[in-house]
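1. sharing a model prediction with you, sequence too.
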Amino acid sequence: MSELSVNHLLGIKYIKEADIQLIFETADHFKEVINRPIKKVPSLRDITIANLFFENSTRTRLSFELAEKRLSADVINFSAAQSSVKKGETLIDTVNNILSMKVDMVVMRHPNPGAGVFLSQNIQASIVNAGDGAHEHPTQALLDSYSIRERLGDVAGKNVVIVGDILHSRVALSNIFALKLQGANVKVCGPLTLIPKYIGTLGIEVEPDLRKALQWCDVANMLRVQNERMDISYFPSTREYTQQFGVDRALLDSLDKEIVIMHPGPINRGVEITSDVADSKQAIILNQVENGVAIRMAVIYLLASKIKN
Ligand code: CP
């Protein structure tokens, strides 16, 4: 396969396993590029990309911007907080105004699930979903799988547990789709109030006991408790959450094997994982961030190739 099967990256549920492998092979090349003294290639000198962020972000926004600049694209950045959205402008009007400045690709983070799909049906540009509400965060799932592949050699056949706030997590859903496509075994673990009722329909088992989940897995992906998306209390207190679903050094040392710890960030240190775990060699959290640039370069490069053809 030499090109993606899609013109937009709206979610992992819309792509195939072959797309993932193509993105990984392309990312391997770009990872080598970004480790050179001159970290830039001229591939996208004729492409203009708009990064539209309607929701807060540190890693994803900076990573996309850096990926675009490493590919020599022209980049414009939009943040809803400082925009005319505050004056009542609609999403379509905002984007069409930006597109009239001859933009080829839009990278968008938005609080509403399906915002990227909506945009792709209404405007002429390639769309990359940088996180849409509690729906999908496809580039996060791609960089997560890429980081597992880098650490463990392969994703197929690995046991991966996703721990914590599954209900509000776009990272969980995209990871589930990506891991299943690649042949990994996936379980979720967390307070039952934070596990969606439909989880069984995705072929995912729930393991409510964290110790058993960690004993089973090769990789634990620890999710952030998303307080900003919670309008009610889903567990009695943060202290009790941490006691039942937090990972600390003592718990990891009590297992009879060494597992890989992941976290998409931002971390609530001392809630889902302690600092001594987050900063240990077992954790690949900063490798995930580093790989995010190569993965996003690959996604943008492959989508831009389709615009050019
Ligand atoms: N992992 C992630 O999406 O982080 P940001 O919200 O900082 O982009």
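-> On my side now, so go ahead.
2. got the residues of the stretch 1-150 of the chain near the ligand?
-> S57, T58, R59, T60, G131, H137, Q140 (CB under 6 Å from any ligand atom). (C-beta placed from N, C-alpha, C; glycine too.)
3. find the residue at the geometric middle of the chain.
-> With distances taken as CA atoms, centre = their mean, Q140 lies nearest the centre of the chain, 1.6 Å away.
4. tell me who's in contact with it.
-> Residues near Q140 by CB atoms under 8 Å, 6 or more residues apart in numbering: T60, G131, R170, V171, S174, N175, P264, G292.
5. 7 Å - rerun?
-> V171, S174, P264 (CB atoms under 7 Å, 6 or more residues apart in numbering).
6. among those, name the ones in helices.
-> V171, S174 (DSSP state H).
7. filter the contacts of Q140 by proximity to the ligand?
-> Contacts with the ligand are made by P264 out of the contacts of Q140, judged by CB under 6 Å from any ligand atom.
8. where does the stretch 151-300 of the chain have low pLDDT?
-> 227-232 (pLDDT under 70).
9. all helices for it, in order.
-> Counting by DSSP state H, counting those that start in this stretch, the stretch 151-300 of the chain has these helices, from start to end: 170-181, 210-216, 238-245, 249-253, 275-278, 285-308.
10. buried residues in the last one?
-> In terms of neighbour count (16 or more other CB atoms under 10 Å), helix 285-308 has its buried residues at 285, 287-304.
11. how far is that helix from where the chain is centred?
-> Centre-to-centre, helix 285-308 and its host chain are 12 Å apart (CA atoms, centre = their mean, to the nearest Å).
12. list of residues touching it?
-> With CB under 7 Å, 6+ apart as the test, helix 285-308 has contacts from 3-4, 7, 9, 22-23, 26-27, 30-31, 34, 43-44, 47, 49, 59, 63-64, 66-68, 70-71, 104-105, 126, 128, 139, 142-144, 146-147, 150, 262-263, 265, 278.
13. ok, of those residues, which come out buried?
-> For the contacts of helix 285-308, a burial check counting by 16+ other CB under 10 Å picks out 4, 9, 22-23, 26-27, 30-31, 34, 43-44, 47, 49, 63-64, 66-68, 70-71, 104-105, 126, 128, 139, 142-144, 146-147, 150, 262-263, 265, 278.
14. the helix or strand the residue nearest to the centre of the chain falls within versus helix 170-181: what angle between them?
-> Secondary structure assignment for Q140, by DSSP states H and E: helix 138-152. For helix 138-152 against helix 170-181, the angle by axes from the mean of the first three to the mean of the last three CA atoms, to 10 degrees is 60 degrees.
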